[in-house]
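> Predicted model, plus sequence, below.
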Amino acid sequence: MDGSLMISGTFLDEISHDIPHQNWGRKEWENDFKLMKKMGIDTVVLIRCGYQKFLTYPSKYLVQKKDCFMPRVDLVKQFLELSELYGMQFYFGTYDSGAYWATGNMTKELDVNLKVIEEAYAQYGHFKSFKGWYLSLELSRRTKGAIETIATLGKQCKAVSQGLPVFISPWIDGKKAVMAADSSISKEEVVSLKEHQAEWNEIFDGVQGAIDIVAFQDGHVAYDELEDYLKINKKLADTYGMQSWTNTESFDRDMPIKFLPIKFEKLLLKLGAAKRAGCTKAITFEFSHFMSPQSSYRQAGHLYNRYLEHFGEQLTS
Amino acid sequence: MDGSLMISGTFLDEISHDIPHQNWGRKEWENDFKLMKKMGIDTVVLIRCGYQKFLTYPSKYLVQKKDCFMPRVDLVKQFLELSELYGMQFYFGTYDSGAYWATGNMTKELDVNLKVIEEAYAQYGHFKSFKGWYLSLELSRRTKGAIETIATLGKQCKAVSQGLPVFISPWIDGKKAVMAADSSISKEEVVSLKEHQAEWNEIFDGVQGAIDIVAFQDGHVAYDELEDYLKINKKLADTYGMQSWTNTESFDRDMPIKFLPIKFEKLLLKLGAAKRAGCTKAITFEFSHFMSPQSSYRQAGHLYNRYLEHFGEQLTS
Amino acid sequence: MDGSLMISGTFLDEISHDIPHQNWGRKEWENDFKLMKKMGIDTVVLIRCGYQKFLTYPSKYLVQKKDCFMPRVDLVKQFLELSELYGMQFYFGTYDSGAYWATGNMTKELDVNLKVIEEAYAQYGHFKSFKGWYLSLELSRRTKGAIETIATLGKQCKAVSQGLPVFISPWIDGKKAVMAADSSISKEEVVSLKEHQAEWNEIFDGVQGAIDIVAFQDGHVAYDELEDYLKINKKLADTYGMQSWTNTESFDRDMPIKFLPIKFEKLLLKLGAAKRAGCTKAITFEFSHFMSPQSSYRQAGHLYNRYLEHFGEQLTS
């Protein structure tokens, strides 16, 4: 038995914020689902259903009311179909207009998403693979309007879908929490463990009942600090009746190229910390760029091979 | 019929400013010409014949008078030969000493290029595929010395070559007009449509008679603003008797990695705007890094496949 | 006869500071040694045996006393074995805790490395391919504590290994000497040739007897300035009884992506300068990312092909 949690879920990074697009068609996507399956992935999460004017699905609401571009391909339908075909659970990621990133105020994303959630479930809720929701608004401590927005949207998701589970993936305000477009790779002022606990206690209290699962991003703190943060997260999640997953980043935050696949040893260290902290599931951001043999980054295919070598026995048993 | 302009030309990015070199030999270049042909490209434009001390051709003048390095391979000859073989029109790009970038004063490039233009035509003008000139000095509004330099060089090109066409590819001073070496991907102070029209009216007036074609770069403004700019450009070009092409960028300016291939949907949006604005030809910067199946960036080959899928019917008819 | 020095050595960039990991297993590494051999490489240099908490070998000392992570694979053993198999000389690179980079004071790395050197030779000195030492602490002029640290560590290496050769690879404080995480690619304040000579004279004097070989990095000055610096370096090395190698960088410092393979012509210019300056050996940083056909960067394989084409006759004779 290996002392690391295995990855059983991945984000689907469509539409991307900061990772260049691979320009895949249906054939490449179908092949990627096969490759995911082979390494034990049973859950896929659409990172967001739209970003600014770009959409993953033909949303009448967003095209007509928000001047979004009508997409060429219905990716949501495609991913739901592939999920059915390969026995995956699909989580739908909400819309990101860019207004929160521009203003720092998360409530700017509230009204538009109440509509999007309703529309999306009406359009795709009949798929058997539609298993839950992902609130794509990434929060950390001191995110203005976060509690109100997250709680309201989580309840809306549950209301329209007979209570399907809802999850969030916040970041820890650690030393590697810098913007992708910044040239630096670390910063000085970071949150302490104690502040982290106090502030997240308040946030978890505020979103209780609306959120079922919390999957913290694992790349913003040092490798030897991660376990302590994950343990606090787990304890808080237990207190408020939520599941504690880990969102293990398969790209490397320590390098000046933003972003290429992570070194396998680093990934393994983080999965070990997640296991010891009692996380119940590991999802990754994300398979198709950073772990897939099909990736434009050849390091990704080697990471896949190292992963299969390491966990191979557990995968076939 | 698709509502987008098709790409029928590409730059050849030798010598490159900011895109890492692929280290191709003649074999790879010949294969790239075949791949270009297959997607409907009939025009190739040498981005510049030299940059600082690096040259694409053995220029006695630049080596002896400007201490440039003698190149190992005569790329101009190679590209002219391949153009003849594959039925392409070749445009020769002028020299860039770096002095304009360092000082902001474009007249610093005037004298050296008067000589280079003369030398180049004497050396290569006998090739049937030598069909025109590209003034590689990129200008935007308020470029010091631009009108004088561009007008003088354009007239020199025509004088030595019995009036072969001359084109420029300026940039719009929009929100994505940041330097490649900057870490940011956008800026705050940008030109308005009204200023753009007024300033380019003055520039077009100043270079009238020396320039035949203007191909604005299409990557510096938002996707939904592009059409308005292209329409102004077209109207100005018509007023001053110039052709209006679009220089559609096939790399993605929205990503922190500078630069990788663009998402196909974005390219298509821009080609649609160009068609509606009445542009008569689309060239791209550039095929070999960002659209070629041979590219070091695997996203490029997928972009090529998406492009062929989308436009396939029009290409074979 | 070509007027360029040929490359006969390479660093092995494990553990990397700033080049994303390729996630290779033993099979890929063995194949890379074959590819190295084919282009004339007979010397491999481990860039460092550990960086911060990451190690290349199971060091009891560093794991128990410095809380380093126990590595999954013993890369030092692997590289020594492959070196024996393919007739390579292996140089062991010392440890880098990160303290010197963080404080600017090189003496912070002294004590830990005295122990590491002793431990490493006890553990691996019996390999026939263990042929020397590389002091991985990169210095330039005005590096606080450099002379004391380098001299002491060089003597320690010799003392434990019956005088095996020791080398360093400093950088020239030229216009391209910027940090990898900086967004810029050049700076204004640079050392003059005269200052360079005066300051390095002092440094060479201070480390005399402890260092056998100096291999300056060749990427921090302009291509047409390099020869002058290398000539000074050679003269100084001769004065103090050291060998003068060149460390030719096979990545491109002129591009905003940090870092991708260099253009072959640039590499050739630098190897020509090294030959004229009288350097006796060229090693490169480094083969596996920037020159190998196996590299994740496809430009690297083309660089390898260009290199073999150019030097092929000399390689087979």
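Sure, I can see it.
> The residue in the stretch 201-317 of chain A positioned nearest to chain B: which element?
Of all residues in the stretch 201-317 of chain A, the one sitting closest to chain B is residue A:296 (3.8 Å; Cβ to the nearest Cβ). Yep, even glycine has a C-beta here, placed from its N, CA and C like the rest. Residue A:296 belongs to no helix or strand when assigned by DSSP states H and E.
> My guess is it contacts residue A:288. True?
No. Using Cβ atoms under 8 Å, residue A:296 and residue A:288 do not qualify as a contacting pair, with a distance of 9.7 Å.
> Now do the shared contacts for those two.
Shared contacts of residue A:296 and residue A:288 (Cβ atoms under 8 Å, 6 or more residues apart in numbering or on different chains): residue A:22.
> Which helix or strand lies directly C-terminal to the lowest-mean-pLDDT helix or strand in chain A?
One helix or strand of chain A scores below all others by mean pLDDT, DSSP states H and E: helix A:99-103, with a mean of 91. Next along the chain after helix A:99-103, taking DSSP H and E as the criterion, comes helix A:110-124.
> and that next one, average pLDDT?
Average pLDDT, helix A:110-124: 98.
> Show me what it is packed against.
helix A:60-66, helix A:75-85, strand A:95-96, strand A:130-134, helix A:146-160 (3 or more Cβ pairs under 8 Å, 6 or more residues apart in numbering or on different chains; DSSP states H and E).
> Quick check: which of those is buried the most?
Across those, the average number of neighbours (mean count of other Cβ atoms under 10 Å in any protein chain shown) peaks for strand A:95-96, which reaches a mean of 24.
> Now tell me what touches it from outside.
So strand A:95-96 is in contact with A:48-52, A:62, A:109, A:112-113, A:116, A:136-137, going by Cβ under 8 Å, 6+ apart.
> Work out the gap between the least confident helix or strand of chain A and the centre of the chain.
19 Å (Cα atoms, centre = their mean, to the nearest Å).
> What residues sit buried inside that helix?
Across helix A:99-103, burial judged by 16 or more other Cβ atoms under 10 Å in any protein chain shown covers A:100-101.
> Just checking that helix against chain B, any contact.
No. Shown here: helix A:99-103 not in contact with chain B (Cβ under 8 Å from any Cβ of the partner chain), separated by at least 11.0 Å.
> What are the contacting residues of that helix?
A:105-106, A:108-109, A:137.
> would you turn the helices and strands packed on helix A:110-124 into JSON lines with mean pLDDT?
Formatted as JSON lines, these follow (pLDDT from 0 to 100):
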{"stretch": "helix A:60-66", "mean pLDDT": "98"}
{"stretch": "helix A:75-85", "mean pLDDT": "98"}
{"stretch": "strand A:95-96", "mean pLDDT": "98"}
{"stretch": "strand A:130-134", "mean pLDDT": "98"}
{"stretch": "helix A:146-160", "mean pLDDT": "97"}
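> To residue A:214, which of those lies closest?
For residue A:214, the closest of the helices and strands packed on helix A:110-124 is helix A:146-160, at 10.5 Å, according to Cβ to Cβ.
> what angle separates the closest one from helix A:110-124?
Put simply, helix A:146-160 runs at 20 degrees to helix A:110-124, going by axes from the mean of the first three to the mean of the last three Cα atoms, to 10 degrees.
> so how far is the longest helix that chain A contains off the chain centroid?
Across chain A, the longest stretch assigned as helix under DSSP state H is helix A:298-316. In terms of Cα atoms, centre = their mean, the centre of helix A:298-316 is set 21 Å apart from its chain centre.
> and if you look at stretch A:168-175?
Using Cα atoms, centre = their mean, the offset of stretch A:168-175 from its chain centre is 12 Å.
> can you list contacts of that stretch?
By Cβ under 8 Å, 6+ apart, the list of residues contacting stretch A:168-175 reads A:134-135, A:137-141, A:150, A:177, A:186-188, A:190-191, A:196, A:200, A:203, A:207, A:211, A:213-217, A:220-222, A:225, A:229, A:247, A:285.
> tally of neighbours for the residue lying closest to residue A:67 once chain neighbours are set aside?
Sequence neighbours aside, residue A:53 is the residue nearest to residue A:67 in space, at 6.7 Å (criterion: Cβ to Cβ, 6 or more residues apart in numbering or on different chains). Using other Cβ atoms under 10 Å in any protein chain shown, residue A:53 is surrounded by 18 other residues.
> for residue A:53, what are its contacts?
Contacts for residue A:53 (Cβ under 8 Å, 6+ apart) come out as A:66-69, B:223-224.
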